[in-house]
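>>> show me the folded form of this:
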Amino acid sequence: MTAGAGALPGAAAASTRRLPSGKHGLSREAVEDSQRVRMLDAMAREVAARGFGGTSVRHVVSAAGVSRKTFYEHFANKTACFLALYDEMLALLRARARDAAASEADVTRRAQASVRALVESMEEEPGLVRVCLTEPFAAGPAAMQRYWRLLQLIEGLLEGASWSRSTVPSEVIAGGIAVELVRRFTTGSSQPLDEILRALAPDRP
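Numbering: from 1, shown residues only. Reported below is the predicted structural model:
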C-alpha cells in the first residue's frame, strides 16, 4: 500500500492503484483483493487526517475509488473496516519486529532490536500512531481489544529482551512507550528515541 502519513505501509503499493476501466483480464479474486487493499489504505489515510469519528464511509469510498456497494460487499460498516485495518497494521508491526530480530544472533539483542524496530516504525509513520494508539478509544470495545494486543506485543518484546531486572514492570513501560509516541505525534517533539527509552527504563541496557 502507499506509504506516507496516514497510509498503510507495506510492499503492496501497486495494489492501491485503481483498476483500469473495461476489460483488464484480472480474476475476480484479484479485483476484490485490490479493492480491499485500496479501501484499507483509504481508511488509514482518512482516519489519520480526520480521526475515526470524523471519517465516514463516503470519505473511504471516495478516496479508494470504489462504490458504496463495493464497500459493503467487503465490510459490514465503518467499524469493521477500521478493525480490518488495525489487524493489518498489527501484523505489519509484528513482521517488522521479527525481521529486525533476524539480523541479530544473540537472544537478548534480537529482542532489543525487535522493540526498537516496532517503536521506530510508529515514530516514522504518524498514521500508525493515530490509527493504533489514539483512535481505538473512539472506535469501540473491539478496537480497544486490539489496542491491548499491541501493548501486550510491546510488553512481550520487553520481557524477551532480558530487561526484567528493571524495577519498572514491562506492562508499565509498554504503556509509557505508547503515551510517549502519542505525545510526540501531537506535539511534534523531536526528542531522540534513545533518550525516550532511557527515560522510560533507565536501568535497562
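>>> skipping adjacent residues, who's closest to residue 130 in space?
residue 48 (4.9 Å; CB to CB, 6 or more residues apart in numbering). C-beta coordinates here come from the backbone N, C-alpha and C atoms, glycine included.
>>> what helices and strands are in contact with the helix ranked longest in the chain?
Counting by DSSP state H, the longest helix found in the chain is helix 78-102. Counting contacts by 3 or more CB pairs under 8 Å, 6 or more residues apart in numbering; DSSP states H and E, helix 78-102 packs against helix 28-50, helix 57-64, helix 107-124, helix 136-139, helix 141-160.
>>> hmm, who's touching the fourth one?
It refers to helix 136-139. Contact with helix 136-139 is made by 51, 52, 53, 79, 82, 83, 86, 143, 144, 146, 147, as judged by CB atoms under 8 Å, 6 or more residues apart in numbering.
>>> buried sites along it?
For helix 136-139, a neighbour-count test (16 or more other CB atoms under 10 Å) marks 136, 139 as buried.
>>> do the second one as well
When burial is assessed from 16+ other CB under 10 Å, helix 57-64 yields the following buried residues: 57, 59, 60, 61, 63, 64.
>>> which among those residues gets closest to residue 34?
Checking the buried residues of helix 57-64 against residue 34 by CB to CB gives residue 64 as the nearest, at 9.9 Å.
>>> so how far is residue 56 from that closest one?
Residue 64 sits 13 Å away from residue 56 when distances are taken as CB to CB, to the nearest Å.
>>> check contacts around residue 98.
Going by CB under 8 Å, 6+ apart, residue 98 touches residue 114.
>>> tell me how far it lies from residue 121.
Residue 98 sits 12 Å away from residue 121, taking CB to CB as the criterion.
>>> lowest-confidence helix or strand of this structure?
None of the helices or strands of the chain scores lower by mean pLDDT, DSSP states H and E than helix 193-200, at a mean of 62.
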